[in-house]
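Chemist: Model the following, please.
(one chain, ligands or ions: 1)
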Amino acid sequence: MHREIEKVWAVHEMDARLLELNTTLQKLDNGAAAQAALTNAEKELARLHEELTAARVALNDAEVSLKANETRSEGLQKRLYGGMVSKQAEVEAVEHEIADLKAKAGVLETTILESMDAIEAAESAVKAQEEVVQKWKERVKTIRAAYATSSGELQAKIQEASEKRAECLALAPETVMFTYEAIRKRTKTTAMARLMDGTCEGCHMQVPSFTIMRLKNSTELTTCDNCGRLLFLEV
Ligand SMILES: [Zn+2]
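Modeler: Here you go, the predicted structure:
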């Protein structure tokens, strides 16, 4: 086997390490999903606050209207029983208005009770949602802290491996590296694979014996017939 290939193998080992480190880095949870859940929880909380405000406004409006209704009704009754209304038609009109006010007061009282129930329900929904928001806030904080630590460690390892790769690359033969990079571009992962027990470690396929013979005896570069990676025989 071409012994210069060992120097290319050294580059490959660093590339395989970098690939693994970058994959691990990409898989790390950076908290984006938890942040999205937090944003949704906060939106829901805002919606519940609006619901609560609307219920409080409805209660206030009904109370004000009921108060005005009572004042008007009391005034009419004073006129009626204070003898200020004498004509029959006028008595009937006042009595009619009092009855009308009474009916409206009944509706307003129902609205007040319903608003009170709505406020109570909205208050407890707000309280529960505040807890949900708080939980997500803590979760985002925890995930981000873990991400900062893990990604920092990985970045340091990536930096170290990149430096090591540059050192290995300086020693590797340029012509083989040209082929190596072409294969790497095609596989999008690795360009070399070890031959282990007659199998290519890149694609895990059996390597034909004539290919193994060539790998052992020739100084030519030997590639896996299946995946096209440069085969490497450890000695
Ligand atoms: Zn292969």
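Chemist: confidence score at the nearest residue to Gly228 once chain neighbours are set aside?
Modeler: Nearest residue to Gly228 in three dimensions, chain neighbours excluded: Ile183, at 6.0 Å (C-beta to C-beta, 6 or more residues apart in numbering). Just so you know, the C-beta spots here come from the backbone N, C-alpha and C atoms, and that holds for glycine as well. pLDDT, Ile183: 97.
Chemist: mind checking the SS state of Ile183?
Modeler: Assigned by DSSP: H, G, I helix; E, B strand; the rest coil, the conformation of Ile183 is helix.
Chemist: Break the chain into its domains for me.
Modeler: 5-16+173-232, 31-171 (automatic domain parsing).
Chemist: nearest to Asn22, of those domains?
Modeler: Closest approach to Asn22 among those is made by domain 31-171 (6.8 Å; C-beta to C-beta).
Chemist: What mean pLDDT does that closest one get?
Modeler: Mean predicted lDDT for domain 31-171 stands at 96.
Chemist: residues from this protein in reach of the ion?
Modeler: Residues of the chain lying close to the ion (C-beta under 5 Å from the ion) are 200, 202-203, 224, 226-227.
Chemist: Among these, list the two that are farthest apart in space.
Modeler: Spatially, the most separated pair among the residues of the chain next to the ion is Gly202 and Asn226, at 8.4 Å (C-beta to C-beta).
Chemist: More neighbours: which of these two?
Modeler: Each of Gly202 and Asn226 has its neighbours counted (other C-beta atoms under 10 Å); Gly202 has more, 24 against 16.
Chemist: Helix, strand, or coil at the more buried one?
Modeler: Under three-state DSSP, Gly202 comes out as coil.
Chemist: Make 517 the starting number, not 1.
Modeler: Noted, 517 is the first residue going forward, which turns the last one into Gly718.
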